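> Structure here, sequence nowhere to be found:
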Ligand code: SF4
Ligand code: SF4
């Protein structure tokens, strides 16, 4: 297969050997599970149990009402002891609502388990999609975009290609690698289900060339009847090949349009872990309760992959990998390029936790003081989005938010390549996040003030109309008084004039009604595009 | 357990400004040694003085601006400026030429504009142009290359010359110094001789004056090292050299008697060092790939034009400064196409609207 190359990118040292030496360890049930309600990108999820309730394994504890959303389930049976704000893995470091469960040790499904669907092939597509929704599945590559949404293409959009993103490009992370080595069958089943749901003609299964074991296991287990559908492709390991835009470029040479989605090219991209979760939910009736986490870095004693229940504290997961090494001082969720450092290891594993990376000062020394930009353009040379990072940086510093959008701020995938090569140690990505947040905040403000202005104008108009009507009523009264004295002819003339005035009034009222209709209409479109844009870049990396 | 929180990436950074500049300095070493070999101790003396003055002025200015002195000095950029300036001036120029030039470079061209990263002009070239137009006599003190019979000055004699501004003992300037190949060519052509007659003089080797050729080769070596280490990219050096060579070749083919060969142009004066070490100064150059090609080509063409029809035999400094002025515009006009858009395509909006 003819592969293509995307602009820039980095050749990073592969650090996965340490964590792939041992098989995936299935962790037991911890003493307490803190399950965050919001574990996906999109709309909020609300608790549907109460403190004191007994829950069974797989029971829904977080119910989401929105479209771009995912339910949350109890990872094991036990008692709900608290529903409150707790620290969760999030770059902001803010607390978020969580359901705290004290396991009863029975790991009892009760009647919460969905019936296994060995005959999924004959099920209705809508029922299949509903099942994925019920399973609370999100993209497991780290971005946590609700899977059911991605598998429900917009009307008129034909998806012909399914891309399997096995390009785990960050150094250290090996969760997908291990999954492909040990459970390729489940991944293929998930692909089969997805391919049927989307009606695709071909599946491009990309695996990085530094994962030969995974590739071998896939080649050996690929069912013969899928050989025509699934093409296994070894892609060069260049960071960030695992970004879906970059991967699609590598595989097809096509570029996902700026501001658009892979679906615009007739493609959908998923991570292998997601296919396993799809298979578990559809065929076994098991919602998303656990995930594989790579525990690695020089800061842990025995790097390895573990399968942990959602809600397991990081500290327990680290313990499963032999505990911390001497002198560890940084704990990162995600990979070294895009992950964020957390300040506390009591926070829980969530659906997006693909890796815990612990490092010591000598592995990640302080980069030294931030120096002025010397315009070396190294950042531009490595930017996979073909942006000019140093220009974005100047504009962010100058708060020139119009210019920064013109220079493509929202095309930035926050891959961190620019910050990595910057000789002046400028935390470039932080500036872009700041600018994005600032622009979103302003947009929200403007939106709010637009609504306020509309309301004000509407009120003004109503007051004016009421006054006008009062005046008219008064005039009518006066006319009526005069009428008594006037003769019949005159009366008829006045009557006609009054009718005319009334007609006019009715027309006016109609017009103003139309005007107020229009505003909410335009708002809905704005809302819709916003959610798609907000989440478009981050899935399945 | 609590941890430090720091922003990504969580890896050891690839480069530092100080490290990059260090590589540049290393790459300057072979050319500098070759120059010393051919033109005497004065080259080394000047480099030492230049670096010393540059670091001193830099420290003073950084302190005056209340910035961290040691952290700033560690970027090594002042050393590069001092060194490049010293290579540009004649090896026997008196020390105060260096002092004044460096003072201008560091104080005016660099720190009055806001320090490293903010200077629109290449500081070393600003300093050089200031002394070039102010002290034409001192700026002509190029010794003859060592391949010629004149006896080179000893280290001590050189020091004495540089520090006092006059030659030791009974030596005469005329005996020690020589017109550079560019001067010789220029004067020869002005006085009506043909290129062939001029290059027949014993001064000239295969392309240009013998010493200059070799110096050029050694700077080329350093430049290739920088390319290899990816400290610089090919766009600017290649564009500068082609920018000189193509017009030079065109006129040379038209009339080889009144126009020097492209090889002469490329290997005389400061074209090689200019292409690899001066025009590639990131701060004052263009930053986009296409912009860099245009920027380099502009420098090359200007060098040829000024040399051929302008008032100065070597024009690298002027060409670089002139193109420095255009760099921001070039950057603006040559923005690369963004992934997923057509060239100059519409912005993707603000992600929400
Ligand atoms: S890499 Fe850093 S120093 Fe170089 S241009 Fe980009 S922001 Fe400036
Ligand atoms: S973080 Fe953004 S600007 Fe920087 S290299 Fe990645 S895409 Fe380009």
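All right, it came through fine. As the structure is a prediction and not an experimental result, all values here were calculated from the model. Ligands and ions are numbered 1, 2, ... in the order given.

> and residue A:302, what is it in contact with?
Shown in contact with residue A:302 (C-beta atoms under 8 Å, 6 or more residues apart in numbering or on different chains): A:22, A:321, A:322. Placement of C-beta: from N, CA and C, glycine included.

> Looking at the residues you listed, spot the one nearest ligand 1.
residue A:321 (35.3 Å; C-beta to the nearest ligand atom).

> Could I get the contacting residues of the closest one?
Neighbours of residue A:321 in contact, by C-beta under 8 Å, 6+ apart: A:295, A:296, A:300, A:301, A:302, A:303, A:304, A:306.

> Please report how far it lies from residue A:24.
12 Å (C-beta to C-beta, to the nearest Å).

> ditto for residue B:81
Computed with C-beta to C-beta, the distance linking residue B:81 and residue A:24 is 57 Å.

> of these two, who's got more company?
residue B:81 (32 against 20; other C-beta atoms under 10 Å in any protein chain shown).

> ok but the more buried one is inside a helix, no?
Yes - according to DSSP: H, G, I helix; E, B strand; the rest coil, residue B:81 belongs to a helix.

> Helix, strand, or coil at the residue in the stretch 1-150 of chain A that ligand 2 sits nearest to?
Ligand 2 sits closest to residue A:8 of the stretch 1-150 of chain A, with a gap of 6.8 Å, by C-beta to the nearest ligand atom. What three-state DSSP gives for residue A:8 is coil.

> Go through the contacts of residue A:302 and name the one nearest residue A:227.
residue A:22 (31.9 Å; C-beta to C-beta).

> I'd like to know which residues of the stretch 101-250 of chain B are adjacent to chain A.
B:115, B:116, B:117, B:118, B:233 (C-beta under 8 Å from any C-beta of the partner chain).

> If you rank those by neighbours, which is first?
For those, neighbours tallied by other C-beta under 10 Å; top is residue B:116, 24 neighbours.

> Using the three-state scheme, assign it.
Of the three states, residue B:116 takes coil under three-state DSSP.

> can I assume it is in contact with residue B:77?
Yes - at 5.1 Å, residue B:116 and residue B:77 qualify as touching, with contact defined as C-beta atoms under 8 Å.

> between these two, what contacts are shared?
With C-beta under 8 Å, 6+ apart as the test, residue B:116 and residue B:77 both reach A:374, B:17.

> which regions of the chain lie under the pLDDT threshold?
Just going to use chain A. Scanning chain A for pLDDT under 70 picks out the ranges A:485-490, A:509-541.

> nope, chain B
Scanning chain B for pLDDT under 70 picks out B:145-152, B:169-176, B:178, B:200-211, B:344-353.

> Show me what from it comes close to ligand 2.
Chain B has no residues near ligand 2, with proximity defined as C-beta under 6 Å from any ligand atom.

> how far away is residue A:374 from residue B:13?
With C-beta to C-beta as the criterion, residue A:374 and residue B:13 are 14 Å apart.

> hey, where'd the helices end up in the stretch 251-400 of chain A?
Ranges of helices in the stretch 251-400 of chain A, per DSSP state H, counting those that start in this stretch, are A:272-279, A:314-320, A:378-382, A:389-397.

> Of the ones you listed, flag the one that's most buried.
Comparing the helices of the stretch 251-400 of chain A by mean neighbour count (mean count of other C-beta atoms under 10 Å in any protein chain shown), helix A:272-279 ranks first with a mean of 28.

> quick one: that one to chain centroid distance?
Chain-centre distance of helix A:272-279: 16 Å, with C-alpha atoms, centre = their mean, to the nearest Å.

> Going by contacts, tell me the helices and strands next to that helix.
In terms of contacts (3 or more C-beta pairs under 8 Å, 6 or more residues apart in numbering or on different chains; DSSP states H and E), helix A:272-279 is packed against helix A:147-150, strand A:161-166, helix A:175-182, helix A:184-198, strand A:290-296.

> Residue A:374 and residue B:13: who's more crowded?
Using other C-beta under 10 Å as the criterion, residue A:374 and residue B:13 rank with residue A:374 on top: 22 against 19.

> surely that one meets residue A:423?
Yes - if you go by C-beta under 8 Å, residue A:374 and residue A:423 touch, sitting 7.0 Å apart.

> who touches both of these two?
In contact with both residue A:374 and residue A:423: residue B:17, using C-beta under 8 Å, 6+ apart.

> can I get the contacts of residue A:321 in a markdown table with distance to residue B:64?
Shown next, in a markdown table, are those (distance: C-beta to C-beta, whole Å):
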| residue | distance to residue B:64 |
| --- | --- |
| A:295 | 52 |
| A:296 | 49 |
| A:300 | 49 |
| A:301 | 52 |
| A:302 | 55 |
| A:303 | 51 |
| A:304 | 56 |
| A:306 | 57 |
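
> Among these, name the ones in strands.
A:295, A:296, A:304, A:306 (DSSP state E).

> Quick check: the second one vs residue A:20, distance?
Summarising the geometry, the distance separating residue A:296 from residue A:20, computed by C-beta to C-beta, is 10 Å.

> Helices of the stretch 51-200 of chain B, residue ranges please.
For the stretch 51-200 of chain B, the helices defined by DSSP H, counting those that start in this stretch occupy B:69-73, B:77-88, B:95-103, B:123-134, B:155-164, B:173-176, B:181-190, B:195-199.

> Figure out which of the ones you listed is closest to ligand 1.
That would be, of the helices of the stretch 51-200 of chain B and by C-beta to the nearest ligand atom, helix B:77-88, which comes in at 12.0 Å.

> hmm, that closest one touching ligand 1?
No - with C-beta under 6 Å from any ligand atom as the criterion, ligand 1 is not reached by helix B:77-88; the gap is at least 12.0 Å.

> I'd like to know which elements that helix is packed against.
helix B:17-39, helix B:42-64, helix B:95-103, helix B:123-134.

> Which one of the residues in the stretch 351-500 of chain A is closest to chain B?
As assessed by C-beta to the nearest C-beta, chain B sits closest to residue A:372 within the stretch 351-500 of chain A, at 3.4 Å.

> got a list of what that residue touches?
A:424, B:115, B:116, B:117, B:118.

> Pick the one among those residues closest to ligand 2.
Lowest distance from ligand 2 to the contacts of residue A:372 (C-beta to the nearest ligand atom) belongs to residue A:424, with 14.1 Å.

> Now do the phi/psi pair for that closest one.
Dihedral pair for residue A:424: phi -90, psi 10, per degrees, to the nearest 10.

> I'd say it and residue A:370 touch.
Yes - Residue A:424 lies in contact with residue A:370 (C-beta under 8 Å); the separation is 6.6 Å.

> Can you tell me which of the contacts of residue A:321 are buried?
Among the contacts of residue A:321, those classed as buried by 16 or more other C-beta atoms under 10 Å in any protein chain shown are A:295, A:296, A:300, A:302, A:303, A:304, A:306.
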